[in-house]
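Student: just to be clear, the model below is a prediction. Sequence and coordinates:
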Amino acid sequence: MRMRKCPKCGRYTLKEKCPTDGSATVSAHPPRFSLGKETKYGKYRRAAQE
């Protein structure tokens with residue numbers, strides 16, 4: 001299981017729904033970063049460097 005965060009109240013949990021307000025939670029981890037491989041977010045990273 002991975003840590004999740006409620007975008008509304010900011011509470012951390014392991015559940016799919018926030019125990020406080022019942023809204024859906026999102027992953028609390030940033031996307032993976034790799035210079036060597038082509039990644040899903042590579043085009044955004046390269047555009048930000050320009």
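Tutor: Arrived safely.
Student: list the contacts of stretch 23-33.
Tutor: Residues outside stretch 23-33 that contact it (Cβ atoms under 8 Å, 6 or more residues apart in numbering): 2-9, 12-13, 15-18, 39-41, 45. Any C-beta I mention is one placed from the backbone N, CA and C, and that applies to glycine too.
Student: neighbours of residue 44, how many?
Tutor: Per other Cβ atoms under 10 Å, the neighbour tally for residue 44 reads 10.
Student: tell me the pLDDT of the closest residue to residue 8 other than its chain neighbours.
Tutor: Spatially, and ignoring its direct neighbours in sequence, residue 8 is nearest to residue 23 (5.1 Å; Cβ to Cβ, 6 or more residues apart in numbering). pLDDT for residue 23: 93.
Student: what does residue 23 show for phi and psi?
Tutor: The phi/psi pair for residue 23 (degrees, to the nearest 10) reads phi -80, psi 160.
Student: center of this protein, which residue is that?
Tutor: With distances taken as Cα atoms, centre = their mean, residue 27 lies nearest the centre of the chain, 4.2 Å away.
Student: which residues in the chain form strands?
Tutor: 4-5, 12-13, 26-27 (DSSP state E).
Student: adding mean pLDDT and distance to residue 49, write the ones you listed out as TSV.
Tutor: Shown next, in TSV, are the strands of the chain (pLDDT from 0 to 100; distance: least, Cβ to Cβ, whole Å):
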stretch	mean pLDDT	distance to residue 49
strand 4-5	94	28
strand 12-13	93	31
strand 26-27	92	25
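Student: most neighbours per residue, which of these?
Tutor: Of all those, strand 4-5 has the most neighbours on average by mean count of other Cβ atoms under 10 Å, namely a mean of 18.
Student: list the contacts of the closest residue to residue 25 other than its chain neighbours.
Tutor: Leaving aside its chain neighbours, residue 25 sits nearest to residue 4 (3.9 Å; criterion: Cβ to Cβ, 6+ apart). By Cβ under 8 Å, 6+ apart, the contact set of residue 4 is 12, 13, 14, 15, 16, 25, 26, 27, 28.
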